[in-house]
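**Q** I'll drop the sequence and a predicted model, then ask my questions.
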Amino acid sequence: MSTASHDYIIVGAGTAGCIVANRLTASGRHRVLLLEAGGQDDDFWIKVPAGISRLLAKPAYLWLNPTTPTAEFGGRSIPLIQGKLIGGSSSINGMMYVRGQSQDYDSWEAMGCKGWSWNDVLPYFKKVERDMDFDGAYHGQSGRIPVRRIFPELWTEYAKAVGEAFRGSGYDYIEDQNGEFRDGWFPITISNAYERRVSAAIGYLDPGTRLRNNLDILTNTHVTRLLFEGTKCVGVSANVGGKAQTFRANEVIMSCGAIHSPAHLLRAGIGPALELKNLGIDVLANVPGVGKRLMDHPSIALASFLKPHARMNTFTRRYLQVGLRYSSNIGGAPPGDMFVAVAAKTGWHAVGRQIGSMIIFVNRTYSETGQVRLSSRDWHDEPQVEFNLLSDERDLKRLMHGFRHMAEVHTHAALANAIESPFPAAWGDKVRQVGEYNFKNKFLTDVMARLLDGPDALRRYLFDKFIIDEYRIDQLMVDDEAMADFTKKAAIGVWHASCSCRMGTGDDPMAVVDTQGRVRGVQDLRVVDASIFPLVPSANTNFPTLMTAEKISDAILASS
């Protein structure tokens with residue numbers, strides 16, 4: 001085995017890891033080793049908006065963690081996808097750039113996370129971004145991540161029609177989604193400049209940063225074990241391109257995301273003592289909260305066939321253009337607890353370009369019973385993941401209500417000229433199989449697309465035979481039992497895994513890290529990623545993760 005020495009080892013070059021690596025090496029005082037299990041982020045399709053569906057069809061770029069089947073979802077496993085490459089999920093995600101609301105972060109502070117209120121985190125949100133459209137109290141102008149919007153005059157006809165239907169349903173138009181947090185429809189804010197994705201890697205691991213003499217980056221490197229001397233973390237063992245190596249550092253920073261960061265801690269003996277003992281793992285620190293209270297935003301979808309003139313235009317290949325934030329007023333939920341993302345296509349293939357979709361998700365979820373557990377002590381074995389997304393009945397009720405609310409929106413006259421045949425959509429096995437990028441699927445979907453653009457009677461037959469599953473909209477609108485059954489069978493997360501190594505105070509038995517990401521019960525080990533969120537914010541988690549990494553980087557530098 002070879003041995004290397006660094007000031008910091010960062011495990012995971014995803015959203016958080018890219019920022020921490022940049023910040024800790026900027027002064028030249030610290031030597032940093034950044035380890036990534038996946039490969040480089042040099043694929044053409046990473047850069048362009050149209051590449052999302054292509055990337056999601058390439059297993060080499062993905063952590064594919066099938067969740068444990070639960071009765072809550074009819075005994076099915078729900079999909080979970082995370083990026084496995086430089087930039088992590090920021091290299092493959094939908095580029096949505098959302099902060100959440102002030103109440104989210106004030107709740108964090110109320111839970112004991114002093115220094116994480118809205119007034120504390122807003123400067124870091126502003127530090128991350130370079131807003132290309134707006135200035136003022138809510139926005140930054142000099143950050144590494146450009147932020148922009150595609151405004152309505154450049155939307156597809158489908159997106160324009162949806163916007164008019166939202167207006168006709170009583171919602172205000174809001175130009176700036178990341179300004180004042182209130183209900184309304186808006187251009188979705190994106191981390192995208194000049195029609196090119198700007199991931200955390202592109203923004204923070206730019207060529208100049210990657211060439212720094214004090215930054216070493218290793219890809220295709222799986223950390224197999226955290227190394228300790230007593231309770232002090234002194235490095236990692238890793239498999240580097242098939243060869244075992246050991247690396248030592250003054251501090252190790254885990255930035256592997258809400259699934260793999262807790263898994264690494266558990267394998268090291270940091271976690272619930274009884275569960276560790278049952279796996280034959282020696283307990284290094286009894287920290288009951290490791291892997292517990294995993295969260296995501298539960299969602300369902302309502303799709304429709306797009307008429308030819310309403311499909312993607314040539315100005316942009318960005319197909320998430322319009323969004324809606326609204327208040328359900330169910331179960332005491334706060335304002336803006338629901339979100340709808342409108343997709344002008346649903347796949348890379350020809351049929352995907354004919355189908356539009358409203359993705360309806362609970363923006364402020366109450367379900368907090370998810371967990372990450374080890375399936376074995378072996379690092380090769382992926383952990384068991386249970387999200388339990390609908391464990392709180394209020395989340396089920398809000399998804400049911402949200403689906404029906406959007407079905408009513410579909411009856412608005414503005415949409416009649418853009419869509420046909422709205423239907424309940426489920427991302428099941430058939431959709432995933434057709435979504436795999438290969439010649440066979442391209443040929444089949446090309447043929448199907450031509451048929452769908454044929455006579456109305458043929459299209460209705462094909463929809464009934466191959467696209468619409470068990471339920472139809474008219475039944476779901478009036479039958480509560482059917483609506484609940486469909487929701488449980490079709491609901492998935494939106495890949496915002498978080499909260500499995502929560503921040504908290506020393507007297508909180510479920511807290512895993514303190515407000516600077518330091519792991520309880522051990523020394524010189526931190527977690528910096530979405531797993532440390534006390535609660536998942538009312539937002540896509542990429543921007544809050546960027547903010548968190550910037551904030552903790554400041555704390556590390558201040559103490560070094």
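**A** All right, it came through fine.

**Q** what's the end-to-end length of stretch 122-133?
**A** The first and last residues of stretch 122-133 sit 18 Å apart, counting by Cα to Cα, to the nearest Å.

**Q** how about residues contacting it?
**A** Where contact means Cβ atoms under 8 Å, 6 or more residues apart in numbering, the residues beyond stretch 122-133 that reach it are 97, 99, 138-149, 176, 178, 193, 543, 546-548, 550-551. C-beta here means a position set from N, CA and C on the backbone, and glycine is covered the same way.

**Q** make it 7 Å
**A** Stretch 122-133 is contacted by residues 99, 139-143, 145-149, 193, 543, 546-547, 550-551 when judged by Cβ atoms under 7 Å, 6 or more residues apart in numbering.

**Q** and that stretch, average pLDDT?
**A** Per-residue pLDDT values across stretch 122-133 average out to 97.

**Q** list the buried ones in it?
**A** L122, Y124, F125, K126, K127, V128, E129, R130, D131 (16 or more other Cβ atoms under 10 Å).

**Q** which pair of those spans the longest distance?
**A** With distance counted by Cβ to Cβ, no two of the buried residues of stretch 122-133 lie farther apart than L122 and R130, which are 16.0 Å apart.

**Q** re earlier: so which of the contacts of stretch 122-133 are in strands?
**A** Assigned to strands by DSSP state E, the following of these qualify: I145, P146, V147, A193.

**Q** gap between the second one and G12?
**A** Distance of P146 to G12, given as Cβ to Cβ, to the nearest Å: 24 Å.

**Q** more neighbours: which of the two?
**A** Set P146 next to G12 and count neighbours by other Cβ atoms under 10 Å: G12 wins out with 26 against 19.

**Q** C256 is in contact with that one, correct?
**A** Yes: in terms of Cβ atoms under 7 Å, G12 counts as a neighbour of C256; the distance is 4.0 Å.

**Q** so which strand or helix has L265?
**A** helix 257-267 (DSSP states H and E).

**Q** contact partners of the next helix or strand after that helix?
**A** Remark: after helix 257-267, the chain's next helix or strand is strand 270-271, criterion DSSP H and E. Here strand 270-271 makes contact (Cβ under 7 Å, 6+ apart) with L265, L284, A285, V287, V290, G291, V519, G521, V522.

**Q** ok, the nearest residue to N192 once chain neighbours are set aside - contacts?
**A** Counting by Cβ to Cβ, 6 or more residues apart in numbering, N192 lies nearest to M95, which is 5.2 Å off, once chain neighbours are set aside. Contact partners of M95, counting by Cβ under 7 Å, 6+ apart, are I190, S191, N192, R197.

**Q** next, give phi and psi for K440.
**A** Recorded main-chain torsions at K440 are phi -60, psi -50, according to degrees, to the nearest 10.

**Q** one step back: the buried residues of stretch 122-133 in helices, which ones?
**A** Where those overlap with helices, as defined by DSSP state H, the overlap consists of L122, Y124, F125, K126, K127, V128.

**Q** for D554, give its distance to D474.
**A** Looking at D554 against D474, where the rule is Cβ to Cβ, the gap reads 55 Å.

**Q** who's more crowded, these two?
**A** For the pair D554 and D474, the greater number of neighbours falls to D554 (15 against 9), based on other Cβ under 10 Å.

**Q** that's a helix at the more buried one, yeah?
**A** Yes: counting by DSSP: H, G, I helix; E, B strand; the rest coil, D554 falls inside a helix.

**Q** next one: it from R212, what distance?
**A** Per Cβ to Cβ, D554 is found 19 Å from R212.

**Q** of the contacts of M95, which is the nearest to A273?
**A** Sorting the contacts of M95 by how near they are to A273, with Cβ to Cβ, puts S191 at the top with 41.1 Å.

**Q** can you pull the contacts of the residue nearest the centre of the chain?
**A** Centroid-nearest residue in the chain: H496, 3.4 Å away (criterion: Cα atoms, centre = their mean). Taking Cβ under 7 Å, 6+ apart, we find H496 in contact with D296, H297, V536, N540, T541.

**Q** and if you look at Y471?
**A** Taking Cβ under 7 Å, 6+ apart, one finds P424, A482, F486 in contact with Y471.

**Q** which one of the ones in helices among the buried residues of stretch 122-133 is nearest to D43?
**A** Proximity of those to D43 was ranked by Cβ to Cβ; the top entry is V128 with 24.1 Å.

**Q** can you point out the buried residues in stretch 203-221?
**A** By neighbour count, with 16+ other Cβ under 10 Å as the criterion, the buried positions of stretch 203-221 are G203, Y204, L205, T209, R212, N214, L215, D216, I217, L218, T219, T221.

**Q** can you tell me which of those are in strands?
**A** Secondary-structure check on the buried residues of stretch 203-221 using DSSP E: residues within strands are L215, D216, I217, L218, T221.

**Q** list the residues that contact the fourth one.
**A** Pointing back at L218 there. When contacts are counted by Cβ under 7 Å, 6+ apart, L218 is found next to L35, E36, V240.

**Q** and the contacts of strand 270-271 as a markdown table, adding neighbour count, distance to D183 and secondary structure?
**A** Formatted as a markdown table, the entries for the contacts of strand 270-271 read as follows, by neighbours: other Cβ atoms under 10 Å; distance: Cβ to Cβ, whole Å; DSSP: H, G, I helix; E, B strand; the rest coil:
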| residue | neighbour count | distance to D183 | secondary structure |
| --- | --- | --- | --- |
| L265 | 29 | 39 | helix |
| L284 | 20 | 48 | coil |
| A285 | 20 | 44 | strand |
| V287 | 28 | 40 | coil |
| V290 | 32 | 37 | coil |
| G291 | 30 | 35 | coil |
| V519 | 26 | 39 | strand |
| G521 | 15 | 43 | coil |
| V522 | 21 | 44 | coil |
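
**Q** which pair of those residues spans the longest distance?
**A** Every pair of the contacts of strand 270-271 checked by Cβ to Cβ; the farthest is G291 and V522, at 15.9 Å.

**Q** what is R526 paired to in the beta sheet?
**A** In this structure, R526 has the following beta-bridge partners (DSSP bridges): I253, R518.

**Q** how far away is it from F339?
**A** Distance of R526 to F339, given as Cβ to Cβ: 31 Å.

**Q** same check, this time on I46
**A** Using Cβ to Cβ, one obtains 25 Å as the distance from I46 to F339.

**Q** what of L324?
**A** From L324 across to F339, the span is 7 Å (Cβ to Cβ).

**Q** and A484, by the same measure?
**A** When distances are taken as Cβ to Cβ, A484 and F339 turn out to be 21 Å apart.

**Q** more crowded one of the two?
**A** F339 (24 against 16).

**Q** the more buried one against V322, yeah?
**A** No: taking contact to mean Cβ under 7 Å, the distance of 11.8 Å between F339 and V322 leaves them out of contact.

**Q** okay, and the common contacts of the two?
**A** Joint contacts of F339 and V322 (Cβ under 7 Å, 6+ apart) do not exist.
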